[in-house]
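A.B. asks: heads up, no residue letters with this:
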């Protein structure tokens, strides 16, 4: 017979708790973004386009850390929703450049404000220093997970 305390320990592992928190953040964010015509998954793409970090499907997929087929589907939905427009890439006839529409650009600040407000509410009770430390620790964990996924042996 297994020790029930040991099984319950699974519910307080960092992986489980981060997963629960991520689902909570996602539900909160989706509820706040939906009235603006955005989905949570759109945000990395919108930010990358607004900041000029990426303009091709390949670069957007890399930036958002998702596979190309998933990015293609997302861009299709975003184009349908009037958030992006695609134009042929003059340097490569096989690909296209992606840009935000005026409508997306106009709603993006409100979407970011809604997300920032949700994050402030979720981190209520934490000091600014604690919140900054929490983010720094999450970034380190994400870096470790990325390293493990690549098969690297040493922390980068």
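C.D. replies: Thanks, I have the structure now. Everything quoted here is computed from the prediction, not taken from an experiment. Numbering: from 1, shown residues only.
A.B. asks: which residues touch the most centrally placed residue in the chain?
C.D. replies: Nearest residue to the geometric centre of the chain (Cα atoms, centre = their mean): residue 44, 5.3 Å. Residues in contact with residue 44 (Cβ atoms under 8 Å, 6 or more residues apart in numbering) are 60, 63-65. Where C-beta positions appear, they are placed from N, C-alpha and C, glycine not excepted.
A.B. asks: which of those residues sits closest to residue 141?
C.D. replies: Taking Cβ to Cβ as the measure, residue 141 sits nearest to residue 65 out of the contacts of residue 44, at 14.6 Å.
A.B. asks: show me what the longest helix seen in the chain is packed up against.
C.D. replies: The single longest helix within the chain, with elements called by DSSP state H, is helix 128-150. Counting contacts by 3 or more Cβ pairs under 8 Å, 6 or more residues apart in numbering; DSSP states H and E, helix 128-150 packs against helix 14-33.
A.B. asks: show me what the helix it packs on is packed up against.
C.D. replies: So helix 14-33, by 3+ Cβ pairs under 8 Å, 6+ apart, packs with helix 102-122, helix 128-150.
A.B. asks: next, the angle from the shortest one to helix 128-150.
C.D. replies: Which is helix 102-122. In terms of direction (axes from the mean of the first three to the mean of the last three Cα atoms, to 10 degrees), helix 102-122 departs from helix 128-150 by 110 degrees.
A.B. asks: how about residue 123, nearest residue that isn't a chain neighbour?
C.D. replies: Excluding its sequence neighbours, the residue lying closest to residue 123 (Cβ to Cβ, 6 or more residues apart in numbering) is residue 131, at 4.9 Å.
A.B. asks: wait, doesn't that neighbour sit right on residue 125?
C.D. replies: No: using Cβ atoms under 8 Å, residue 131 makes no contact with residue 125, being 9.9 Å away.
A.B. asks: the more surrounded of these two?
C.D. replies: A count of neighbours by other Cβ atoms under 10 Å puts residue 131 above the other of residue 131 and residue 125, at 16 against 6.
A.B. asks: quick one, longest strand in the protein?
C.D. replies: In the chain, assigned by DSSP state E, the strand with the most residues is strand 92-100.
A.B. asks: buried sites along that strand?
C.D. replies: For strand 92-100, the neighbour count (16 or more other Cβ atoms under 10 Å) marks 96-98, 100 as buried.
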